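Enquirer: can you look at this prediction? I've put the sequence above it.
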Amino acid sequence: MYPIVLALHSLVRWLVLVSLLYALYRAYRGWLGGRPFTPFDDTVRHISATVAHVQLILGLCLYFISPIISYFLHHYADAVHERQVRFFGMEHSVMMLTAIIILTISSAKAKRKTTDAAKFKTMAVWYSIALLIILLSIPWPFSPLASRGYYRAF
């Protein structure tokens, strides 16, 4: 089960990034261009947050079945000094959870704003912050914190 969830988590990462980038494109375009907040923009807002929540569920499943996390939790004194183990056991998890919380709150706030400009601005600013946190917390192949491939196969 672990390899399947890991591969799905790796795949959904790309859906999260694409949906957030597209939501940000729509948000900045609408905010800076003075456009109306259409039902399509609302759908993009909702889908990007939903895809991130799916990724969170996969990440939580991984947290409970991962041998890396198991080692981290059972050998904390030693594991905290191992960069890659600490990254997945603590840093990646906390940062991604923070990003999802920011996305969730900003999506709800944007939905409740009364003006189109305020909706777009809320999405643009807070989704940008969440995306930055996500980009910093992904174990890219070039990351000094923990490197993994661009995609994990099934």
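Expert: Looks like it arrived, so ask away.
Enquirer: CA only for contacts and neighbour counts going forward, please
Expert: Fine.
Enquirer: look at residue 150 and tell me its secondary structure.
Expert: Classification of residue 150 by DSSP: H, G, I helix; E, B strand; the rest coil places it in coil.
Enquirer: got phi/psi on it?
Expert: phi -70, psi -20 (degrees, to the nearest 10).
Enquirer: from residue 99, how far off is it?
Expert: Distance of residue 150 to residue 99, computed by Cα to Cα, to the nearest Å: 20 Å.
Enquirer: try residue 78
Expert: 28 Å.
Enquirer: which helix runs longest in this structure?
Expert: helix 2-33 (DSSP state H).
Enquirer: still on that earlier bit, more neighbours, residue 150 and residue 99?
Expert: Taking other Cα atoms under 10 Å, residue 150 and residue 99 do not tie; residue 99 has more neighbours (22 against 15).
Enquirer: show me what contacts that one?
Expert: 129, 130, 131, 133, 134 (Cα atoms under 8 Å, 6 or more residues apart in numbering).
Enquirer: could you rerun that using 7 Å?
Expert: 130, 133, 134 (Cα atoms under 7 Å, 6 or more residues apart in numbering).
Enquirer: quick one: least confident helix or strand in the protein?
Expert: None of the helices or strands of the chain scores lower by mean pLDDT, DSSP states H and E than helix 83-86, at a mean of 88.
Enquirer: list the buried ones in that one?
Expert: 84, 85, 86 (16 or more other Cα atoms under 10 Å).
Enquirer: count of neighbours near the residue nearest to the last one when sequence neighbours are not counted?
Expert: What sits nearest to residue 86 in space, not counting adjacent residues and going by Cα to Cα, 6 or more residues apart in numbering, is residue 80, at 5.0 Å. Burial of residue 80 is recorded as 16 neighbouring residues (other Cα under 10 Å).
Enquirer: for residue 64, same thing?
Expert: What residue 64 shows, counting by other Cα under 10 Å, is a neighbour count of 12.
Enquirer: now the host helix or strand of it against helix 2-33, angle please.
Expert: Taking DSSP states H and E as the criterion, residue 64 maps to helix 39-65. Put simply, helix 39-65 runs at 150 degrees to helix 2-33, going by axes from the mean of the first three to the mean of the last three Cα atoms, to 10 degrees.
Enquirer: and helix 39-65, what does it pack onto?
Expert: Contact analysis of helix 39-65 by 3 or more Cα pairs under 7 Å, 6 or more residues apart in numbering; DSSP states H and E lists helix 2-33, helix 92-112 as its packing neighbours.
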